[in-house]
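**Student:** Sequence unavailable; structure follows:
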């Protein structure tokens with residue numbers, strides 16, 4: 001049936017037929033037309049959606065019933081229509097009215113626009129993106145909009161626990177973590193799950209809107225057992241928790257021994273950590289280039305770890321295959337300007353080399369791992385000797401064996417520094433003139449049959465500490481708790 005306009009005046013001018021059926025039909029027709037005009041509406045993502053910091057979020061919008069929206073104006077906005085997030089008009093996207101904070105971060109998916117369905121993708125979510133959003137459809141005979149709220153949450157780094165020293169007859173502990181949103185909640189618990197009172201709590205917000213926290217407690221007696229620091233965002237189910245034990249020998253220190261350890265700890269942190277902390281502001285994401293890896297090395301799928309293969313390949317004649325290249329792997333990244341910092345977890349591996357080398361260095365044939373050969377590295381041999389080649393072998397005396405090594409490169413200053421992340425101390429600095437771009441250098445060395453064939457792993461940033469108890473070392477009397485570990489024998 002062809003549509004035609006009908007008004008009340010028209011009905012007054014036209015005599016009504018006596019046929020009751022026709023009148024009933026006409027009334028039903030008018031009611032149907034009125035219902036159709038009211039039923040078209042815009043459906044958005046819902047009342048509220050949650051996005052994760054750094055990830056992508058979808059804003060789907062559609063018409064109901066489904067209508068062709070290809071010639072409509074479709075407009076996403078924040079808080080009010082004048083705050084344009086994305087605009088589609090005249091069958092094209094218009095960016096001249098888009099708010100600055102959303103530029104180069106939105107993508108419109110129009111594959112189903114003829115059915116009234118569109119999706120806006122917002123990349124790299126940040127805390128300032130939270131708030132009310134809306135999408136509106138506008139045509140010559142229809143307009144409508146949907147409103148929803150975007151909540152933003154950021155899951156921060158794993159807690160990092162430090163021993164501050166002795167205080168008020170107990171041990172002062174500090175817990176730090178970065179990158180949370182919104183403001184997180186932190187709890188310290190003892191081995192019985194009871195909450196411990198906070199000595200201090202400082203939560204700051206960085207320029208990106210993310211929260212960084214630092215909190216401390218003073219624990220006494222049995223509270224030392226299986227202590228934990230847990231942090232949780234109020235919007236997320238997940239929480240980050242780190243459980244530790246403190247070695248029995250630390251609790252049994254005499255007052256004189258405590259004072260001696262405290263003095264040494266304070267000095268070490270004051271002198272060494274200042275330089276180390278300054279280097280951390282230049283942290284970069286470093287990954288391994290598997291194409292540069294020696295055949296006897298195995299690079300993980302995420303390009304963050306490298307380890308020695310369990311056996312040397314055997315040739316068809318039954319003899320072990322011999323290689324002419326160094327058993328190392330380089331980073332994908334090339335550094336020629338600026339400052340750069342990265343950390344490598346070496347665990348308890350007994351042999352390794354770390355550092356940097358020229359990207360153009362020749363890696364075949366005998367290696368000369370010294371600045372003269374284009375290498376700036378430090379190493380460990382058979383768990384007992386740390387050294388650098390500068391250009392000759394220089395032995396290093398490290399009071400605390402590093403389980404994680406920090407490396408800081410200052411290209412303009414011509415410096416490559418190594419830090420012991422286990423206690424924040426400075427190890428060694430090369431000073432030289434770099435003749436070209438540098439790569440990070442990793443050489444796990446062949447496994448020596450020891451008990452700990454740990455891989456070399458590039459730490460994510462911020463990274464969680466790994467500490468193994470060492471004699472008379474205060475920080476390293478702190479260790480992760482493993483309920484399945486029956487060899488600790490501390491309690």
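**Tutor:** The structure has been received and is ready for your questions. All values reported here derive from a predicted model rather than from experimental measurement.
**Student:** Around residue 293, count how many other residues there are.
**Tutor:** If you count neighbours by other CB atoms under 10 Å, residue 293 ends up with 18. (C-beta placed from N, C-alpha, C; glycine too.)
**Student:** quick one: stretch 372-386 to chain centroid distance?
**Tutor:** Using CA atoms, centre = their mean, to the nearest Å, the mean C-alpha position of stretch 372-386 is found 30 Å from that of the whole chain.
**Student:** scratch that, stretch 205-213 is what I was asking about
**Tutor:** When C-alpha coordinates are averaged (CA atoms, centre = their mean), stretch 205-213 and its chain have centres 14 Å apart.
**Student:** and that stretch, which residues are buried?
**Tutor:** Neighbour counts over stretch 205-213 (16 or more other CB atoms under 10 Å) mark 209, 210, 211, 212, 213 as buried.
**Student:** how about TSV for these, with secondary structure, distance to residue 132 and pLDDT added?
**Tutor:** Listed next are the buried residues of stretch 205-213 as TSV, based on DSSP: H, G, I helix; E, B strand; the rest coil; distance: CB to CB, whole Å; pLDDT from 0 to 100:
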residue	secondary structure	distance to residue 132	pLDDT
209	coil	18	90
210	coil	22	90
211	strand	22	91
212	strand	28	88
213	strand	28	89
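**Student:** any chance of those residues in TSV, with distance to residue 157 too?
**Tutor:** TSV is the format used below for those (distance: CB to CB, whole Å):
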residue	distance to residue 157
209	16
210	10
211	11
212	9
213	10
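**Student:** Contacts only, for residue 460.
**Tutor:** Going by CB atoms under 8 Å, 6 or more residues apart in numbering, residue 460 touches residue 304.
**Student:** Could you look up the SS state of it?
**Tutor:** Using DSSP: H, G, I helix; E, B strand; the rest coil, the structure places residue 460 in coil.
**Student:** Where does pLDDT dip in the stretch 251-400 of the chain?
**Tutor:** Counting by pLDDT under 70, the stretch 251-400 of the chain shows low-confidence ranges at 251-273, 310-326, 363-368, 384, 397, 399-400.
**Student:** and the residue nearest to residue 372 when sequence neighbours are not counted, what helix or strand is that in?
**Tutor:** Excluding its sequence neighbours, the residue lying closest to residue 372 (CB to CB, 6 or more residues apart in numbering) is residue 391, at 5.1 Å. Using DSSP states H and E, residue 391 is not contained in any helix or strand.
**Student:** same question, the one 3 residues further on
**Tutor:** Element membership of residue 394, judged by DSSP H and E, is strand 393-396.
**Student:** now for that strand, which elements pack on it?
**Tutor:** strand 385-389, strand 425-431 (3 or more CB pairs under 8 Å, 6 or more residues apart in numbering; DSSP states H and E).
**Student:** So in that sheet, which strands flank that strand, and in what orientation?
**Tutor:** Strand 393-396 pairs in its sheet with strand 385-389 (antiparallel), by DSSP bridges.
**Student:** gap between the strand it pairs with and the chain center?
**Tutor:** When distances are taken as CA atoms, centre = their mean, strand 385-389 is centred 33 Å away from the chain's centroid.
**Student:** Mind listing what's buried along that strand?
**Tutor:** Applying 16+ other CB under 10 Å to strand 385-389 flags 386, 387, 388, 389 as buried.
**Student:** ok and that strand relative to strand 425-431, angle-wise?
**Tutor:** 20 degrees (axes from the mean of the first three to the mean of the last three CA atoms, to 10 degrees).
**Student:** ok, now which ones touch residue 232?
**Tutor:** Under the criterion of CB under 8 Å, 6+ apart, the contact list for residue 232 reads 184, 185, 238, 239, 240.
**Student:** how distant is stretch 396-409 from the center of its chain?
**Tutor:** 24 Å.
**Student:** Now tabulate the buried residues of strand 385-389 in a markdown table and tack on distance to residue 46.
**Tutor:** Shown next, in a markdown table, are the buried residues of strand 385-389 (distance: CB to CB, whole Å):
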| residue | distance to residue 46 |
| --- | --- |
| 386 | 58 |
| 387 | 61 |
| 388 | 59 |
| 389 | 62 |
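**Student:** Tell me which other helices or strands the host helix or strand of residue 353 touches.
**Tutor:** Secondary structure assigned from DSSP H and E places residue 353 in strand 352-358. Applying 3+ CB pairs under 8 Å, 6+ apart, one finds that strand 352-358 contacts strand 375-381, strand 404-410, strand 415-420, strand 438-443.
**Student:** pLDDT averaged over the second one - what is it?
**Tutor:** The one in question is strand 404-410. In this model, strand 404-410 has an average pLDDT of 94.
**Student:** ditto for the third one
**Tutor:** For strand 415-420, the per-residue pLDDT values average out at 92.
**Student:** Repeat that for stretch 86-104.
**Tutor:** If you average the pLDDT over stretch 86-104, you get 95.
**Student:** so how far is the first residue of stretch 58-70 from its last?
**Tutor:** Using CA to CA, to the nearest Å, the end-to-end distance of stretch 58-70 comes to 20 Å.
**Student:** Please state the offset of that stretch from the chain centre?
**Tutor:** For stretch 58-70, the distance to the chain centre is 35 Å (CA atoms, centre = their mean).
**Student:** What is the nearest of the buried residues of strand 385-389 to residue 405?
**Tutor:** Lowest distance from residue 405 to the buried residues of strand 385-389 (CB to CB) belongs to residue 386, with 10.1 Å.
**Student:** Return the distance of that closest one relative to residue 371.
**Tutor:** From residue 386 over to residue 371 the distance is 18 Å, taken as CB to CB, to the nearest Å.
**Student:** Check residue 59 too.
**Tutor:** Counting by CB to CB, the gap from residue 59 to residue 371 is 55 Å.
**Student:** so residue 419 makes contact with residue 427?
**Tutor:** Yes. Taking contacts as CB atoms under 8 Å, residue 419 lies within contact range of residue 427: 6.1 Å.
**Student:** quick one: common contacting residues for those two?
**Tutor:** Applying CB under 8 Å, 6+ apart, one finds that residue 419 and residue 427 are jointly contacted by residue 405.
**Student:** So between these two, which is more surrounded?
**Tutor:** residue 419 (27 against 19).
**Student:** Which residues are in contact with the more buried one?
**Tutor:** Applying CB under 8 Å, 6+ apart to residue 419 gives the contacts 272, 275, 276, 279, 405, 406, 407, 408, 425, 426, 427.
**Student:** dump the residue contacts of the residue lying closest to it once chain neighbours are set aside.
**Tutor:** Spatial nearest neighbour of residue 419, chain neighbours left out: residue 406 (3.8 Å); criterion: CB to CB, 6+ apart. Residue 406 is in contact with 276, 279, 280, 341, 342, 343, 418, 419, 420, 421, counting by CB under 8 Å, 6+ apart.
**Student:** One more pass at 10 Å, please.
**Tutor:** For residue 406, the contacting residues are 276, 279-280, 283, 341-344, 417-421, 424, 426-427, 459, 463, by CB atoms under 10 Å, 6 or more residues apart in numbering.
**Student:** The residue lying closest to residue 202 once chain neighbours are set aside and residue 460: what is the separation?
**Tutor:** Excluding the flanking residues, the one nearest residue 202 by CB to CB, 6+ apart is residue 214, at 4.9 Å. From residue 214 across to residue 460, the span is 20 Å (CB to CB).
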